[in-house]
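*Asks:* sequence plus the predicted model coming up.
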Amino acid sequence: VWKWPLFGHDAQLRRLFPDSPRLRALCSFEDLYVGLSPVEAPAVFSLLAAIELDNVAENPDAGRPDVGVFYPLGGFGQFPQ
């Protein structure tokens, strides 16, 4: 049975980049944002980088309007306006 999203992110990265600890470190830094080590973080965290890169607000032709990181234009200080 394939259990990709349930095993550790580090295990997934070791399978993808067995000879490159630097690439594994580069691909696992998002885990640190949520306070987990790559060994503890689930492999599904590998999707974070792809989600963050789809920035439709700056370039509407770059991706789909229903995915990506959403934020108010001008920053969160615009909410009181």
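*Replies:* Sure thing, it's come through. Residues are numbered from 1 along each chain as shown.

*Asks:* buried sites along whichever strand or helix holds residue 15?
*Replies:* Assigning secondary structure by DSSP states H and E places residue 15 in helix 9-16. Neighbour-count burial for helix 9-16, counted by 16 or more other C-beta atoms under 10 Å, picks out 9-10, 12-13. (Each C-beta comes from the backbone N, C-alpha and C, glycine too.)

*Asks:* give the rounded mean pLDDT of it.
*Replies:* Helix 9-16 shows a mean pLDDT of 88.

*Asks:* got the buried residues for the helix or strand that that helix is followed by?
*Replies:* Counting by DSSP H and E, the element after helix 9-16 in chain order, helix or strand, is helix 21-27. Neighbour-count burial for helix 21-27, counted by 16+ other C-beta under 10 Å, picks out 24, 27.

*Asks:* roughly how far apart are residue 45 and residue 36?
*Replies:* Using C-beta to C-beta, to the nearest Å, residue 45 is found at 8 Å from residue 36.
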